[in-house]
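Participant: Here you go, sequence then predicted model.
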Amino acid sequence: MKSLSETHVTGESIFIDDIAPVKGELFVNYVGSPVAAGRLKKIDFKEVLKVPGVVGVFSAKDVHHNLWGTIVKDQPVLVEDEIGYIDEPLCVIAAETRESLEKARKLVKFTIEEKKPVLTLAEAIEKKQFLHSPLPFRCGDVDAAFKNAKHRLQGKFEIGGQEHFYLESQASIVYPEDSSQLKIISSSQHPTETQHLVAEAVGLPFHQVVCEVKRMGGAFGGKESRAAPFAAMAALVAHKLKRPARIVLSKDDDMKVTGKRHPFINYYDVAFDDQGKILGLKVKLYADGGAYTDLSPSIIDRAMFHVDGSYFVENALIEAWVCKTNSHSNTAFRGFGGPQGNLTMENIIEEISQYLKKDAAYIRQANCYQKTERNQTPYGQIVENNLLPELFENLLKTSDYKKRREEVNQFNRSAKGQVKGLALTGCKFGISFTARFLNQGNALVNVHRDGTVQVSTGATEMGQGVNTKIQKIVARAFGIPVEDIQVMTTSTEKNANTSPTAASSGSDINGAAAQAACDKILKRLKQVARFQFSGKTLKLEDEIEVSDFSQDDLSEIKFANGKISYKNQSISWLDLINKTYMNRISISDYGHIKTTGLAFDRVKGFGKAFKYFTPGLAVSEVLIDTYTGDMKILRSDILMDLGRSIDKGIDLGQVTGAFIQGVGWLTSEKLYYNAKGSLVSHSPTTYKIPNIQDMPRDFRFDLLENDLNKDHNILGSKAVGEPPLLLGGSVFMAIKNALSYLAEHSKNKDHKIVKLNAPATSEEILMELSKYEL
Ligand code: LUZ
Ligand code: MOS
């Protein structure tokens, strides 16, 4: 049997558009709005219907329940009246071939009463155009802290958005089945939401719709909420025309129409002492939500939860708003607001360091959360089992920080046209969905009579390796080889009411649910084994009473290496499951788990919001060409606490991949829009994601393994998917640090402290340099 990664590399893995079309299958696509704001008066399909091969056109009136949204149902599948953003889907066309479809898409005529759009976040802030205003977090006495502090800095920090750039665009195929049932195959992180949205869009009860997800070619949050409306477009066609329907977006369309990471404009005011210890903090976070609510309320919450970064802040006021603009509705993206919060704090500390002329790494170390005191977040959660102090100590040593700082100082004294920078930054990512009800999962485990096992959960595989981790968890539970475990296609038929595979929680939640299902089977298997070991001969016609033995008896029965042993006796796995089956005892089960102990009160802004934290640190060194603004990463060192890793290879893959994705967000991935608000950087030729040349020239990464998470999470592991993305901030701060060596000599007094917005592209770096009047 080939491993899960081998079939990717050999090209055998089937993605949505690799599925061969079936007889009668139609191609489906939407037509987007030519303007960013206005009222849709009329759609004229006359020319479209003349195109050979076009078999159907659909608009809002064909959608049974048009408004959708994970949190607030404010977003139309197809615009009915008010247009929210340019390129927003206004209608759907179905055709026999892709060629007719593409031809037809250009021929729709819209009558629109145009309005003046609000295209920038700054304008939305000024107009107080808000989609959501959460209650603030407060702790300590901020006013007193500011009054008594010796130093104070204020500023504004702009952070750009980010395109997900999954390799597989949004894609779904919908097959009509008997008696109005629909089967959806989708590239979705959230099959349950896709099932529900499709059912509502076509007017079917939920039990008539099944959504299946085999795998995705990347998702990064972009398919958490945003996969479902495209599935609904195909479903509309399949339901009305009773023919299978396929929608696969082109890369350009996908980039224009789907939301991105939220851009932020943040204002801060910080009070601190001579050593750089933070005494008080006031932050106002403004996120660009785009046209609709989508997941923004949860995203702004996570931004607020991560403004503290890895640092203790005794007195704080954290306020936040989600702004409404005439832009694609921004959405989940790996980190989910956390990166924007964390970066704001790292930026503040970088500026404190420049102001005090002290090395930022030691200011960070001095502010970092401690173990028994200075360990409470601004929202009242105690940072338990905190290894941040060890991470600091270790990484400062292994990265040779002190010596390299001296080398950088020396280089910058003599270099012409080049400047180096060095920075250490951290993350402390909260693991749990902030919406409490999402912290649950279920799994179905079927043991077969040849000893092999199928496991199904709500987890969707998007390249992150969740299937491999679940496979390992089940193999370990039964003491059999991983090859004997098959993780099945995710389907709402087997696992209903699942949460999205998101919030880094895929393996935590679904792995624990799989373990719970295994535990139920194991309990029965152990009772049968105990019966066997008690010396009684088991005959097929015997009725075993499985509750004959106490837990104490059973706890000594071990499952390992394909054998079940008790004291000096043993039985093979194959024998035991067959004996169990022949006695008409189930060798399948279903598990359900929930995360316990969460107690955050949104009104008070206080309590335990997360089950645990995943912390990590990174040190990055950069070299900047001061004539071109070109930046190279000379070296990055990453150290993370992932508890006891279930699969170190997968975890390090997530660490390095997330880090580089964070670097791309903060250094090269700039989104450009034209005057009408349409994205112009909508392909890899204009949108610069990192390539192999952008990797650190010297890249070192490791885990600080420990047992402290064993009572908190499956096998003592920690979630890894999102946290390391935040460490890309070390490269941004290293750039800021490099520029500070030049800003020091600035003739322009207002530019003694480096002010850099994200992403720090070459242009952004050059523009900042030009202000110093060197
Ligand atoms: N999705 C979500 C997430 O619905 N809630 C969350 O808290 C979250 N956090 C990170 C990523 N996706
Ligand atoms: Mo998410 S940002 O889909 O974990």
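Facilitator: Perfect, thanks for sending it. Ligands and ions are numbered 1, 2, ... in the order given.

Participant: Name all residues that make contact with Val419.
Facilitator: Under the criterion of CB atoms under 8 Å, 6 or more residues apart in numbering, the neighbours of Val419 are 412, 623-624, 626, 738-739, 741-742. C-beta here means a position set from N, CA and C on the backbone, and glycine is covered the same way.

Participant: please redo it, this time with the cut-off set to 7 Å
Facilitator: By CB atoms under 7 Å, 6 or more residues apart in numbering, the contact set of Val419 is 412, 624, 626, 738, 741-742.

Participant: So which of the residues you listed are in strands?
Facilitator: The strands, defined by DSSP state E, take in Ile624 from these.

Participant: Switch the contacts of Val419 over to a markdown table; also include pLDDT, neighbour count and distance to Ala475.
Facilitator: Converted to a markdown table, the contacts of Val419 look like this (pLDDT from 0 to 100; neighbours: other CB atoms under 10 Å; distance: CB to CB, whole Å):
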| residue | pLDDT | neighbour count | distance to Ala475 |
| --- | --- | --- | --- |
| Asn412 | 98 | 17 | 53 |
| Ile624 | 98 | 26 | 49 |
| Thr626 | 97 | 18 | 55 |
| Ala738 | 98 | 26 | 48 |
| Tyr741 | 97 | 19 | 53 |
| Leu742 | 96 | 18 | 56 |
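
Participant: Just the ones of the contacts of Val419 in helices?
Facilitator: 412, 738, 741-742 (DSSP state H).

Participant: what about this structure, any weak spots by pLDDT?
Facilitator: For the chain, the stretches with pLDDT under 70 are 537-549.

Participant: Write out the residues of it neighbouring ligand 1.
Facilitator: 295, 298, 302, 332, 336, 433-435, 438, 502-503 (CB under 6 Å from any ligand atom).

Participant: Among those, the buried ones, what's the ChimeraX command?
Facilitator: Filtering the residues of the chain next to ligand 1 down to the buried ones (16 or more other CB atoms under 10 Å) takes a single ChimeraX command:
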select :295,298,302,332,336,433,434,438,502,503
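
Participant: hey, where'd the helices end up in the stretch 651-774 of the chain?
Facilitator: Along the stretch 651-774 of the chain, the segments classed as helices by DSSP state H, counting those that start in this stretch run 729-743, 762-770.

Participant: Tell me which residues are up against the longest one.
Facilitator: By that I understand helix 729-743. Here helix 729-743 has contacts from 342-343, 346, 350, 354, 360, 412, 419-425, 618-622, 624, 631, 633, 636, 662-663, 666-667, 751-754, 756, 758, 760, 765, 768-769, 772, 774, using CB under 7 Å, 6+ apart.

Participant: what's the answer for the shortest one, then?
Facilitator: Contacts of helix 762-770 from elsewhere in the structure, counted by CB under 7 Å, 6+ apart, are 624, 626, 628-631, 735, 739, 742, 754-757.

Participant: Show me what the helix or strand containing Tyr590 is packed up against.
Facilitator: Of the helices and strands defined by DSSP states H and E, Tyr590 is found in strand 588-594. If contacts are counted by 3 or more CB pairs under 7 Å, 6 or more residues apart in numbering; DSSP states H and E, strand 588-594 sits against strand 440-447, helix 506-533.

Participant: can you tell which of the ones you listed is closest to His64?
Facilitator: Evaluated over these, closeness to His64 peaks at strand 440-447, with 28.4 Å, by CB to CB.

Participant: Name every strand pairing with the helix or strand following the closest one and say which way it goes.
Facilitator: Toward the C-terminal end, the helix or strand that comes next after strand 440-447 (DSSP H and E) is strand 453-457. Strand partners for strand 453-457, identified by DSSP bridges, are recorded as strand 440-447 (antiparallel), strand 485-487 (parallel).

Participant: Show me which positions of the shortest one end up buried.
Facilitator: Read that as strand 485-487. Result for strand 485-487 [16+ other CB under 10 Å]: buried residues 485-487.

Participant: how about Leu715, what does it touch?
Facilitator: 473, 644, 646.

Participant: Kindly reformat those as CSV and extend each row with neighbour count and secondary structure.
Facilitator: Below are those laid out as CSV (neighbours: other CB atoms under 10 Å; DSSP: H, G, I helix; E, B strand; the rest coil):
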residue, neighbour count, secondary structure
Ile473, 25, helix
Arg644, 18, coil
Ile646, 23, coil
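
Participant: Which of those residues sits closest to Pro263?
Facilitator: Ile646 (35.0 Å).

Participant: The closest one and Lys469 touch, don't they?
Facilitator: Yes. Using CB atoms under 7 Å, Ile646 is in contact with Lys469, at 4.9 Å.

Participant: between the two, what contacts are shared?
Facilitator: Contacts common to Ile646 and Lys469, judged by CB under 7 Å, 6+ apart, are Ser507.

Participant: and Tyr401, which of the helices of the stretch 651-774 of the chain is closest to it?
Facilitator: Of these, nearest to Tyr401 by CB to CB is helix 729-743, at 11.7 Å.

Participant: Give me the angle between that closest one and helix 762-770.
Facilitator: Orientation check (axes from the mean of the first three to the mean of the last three CA atoms, to 10 degrees): helix 729-743 against helix 762-770 gives 30 degrees.

Participant: now Asn706: how far from Gly643?
Facilitator: 6 Å (CB to CB, to the nearest Å).

Participant: more crowded one of those two?
Facilitator: Gly643 (27 against 16; other CB atoms under 10 Å).

Participant: out of the contacts of Val419, which touch ligand 2?
Facilitator: Okay, of the contacts of Val419, nothing touches ligand 2 (CB under 6 Å from any ligand atom).

Participant: What would stretch 352-364 look like as CSV? C-alpha coordinates only.
Facilitator: Taking Å, rounded to 0.1, in the frame of the first residue of the first chain, the C-alpha atoms of stretch 352-364 are listed here in CSV:
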residue,chain,number,x,y,z
ILE,A,352,10.6,50.3,22.3
SER,A,353,14.0,48.8,21.6
GLN,A,354,14.9,51.5,19.0
TYR,A,355,13.7,54.2,21.4
LEU,A,356,15.7,52.9,24.3
LYS,A,357,18.6,51.7,22.1
LYS,A,358,18.5,48.3,23.7
ASP,A,359,18.6,44.9,22.0
ALA,A,360,14.9,43.9,21.3
ALA,A,361,15.6,40.2,22.1
TYR,A,362,16.3,40.9,25.7
ILE,A,363,13.4,43.3,26.0
ARG,A,364,11.3,40.5,24.7
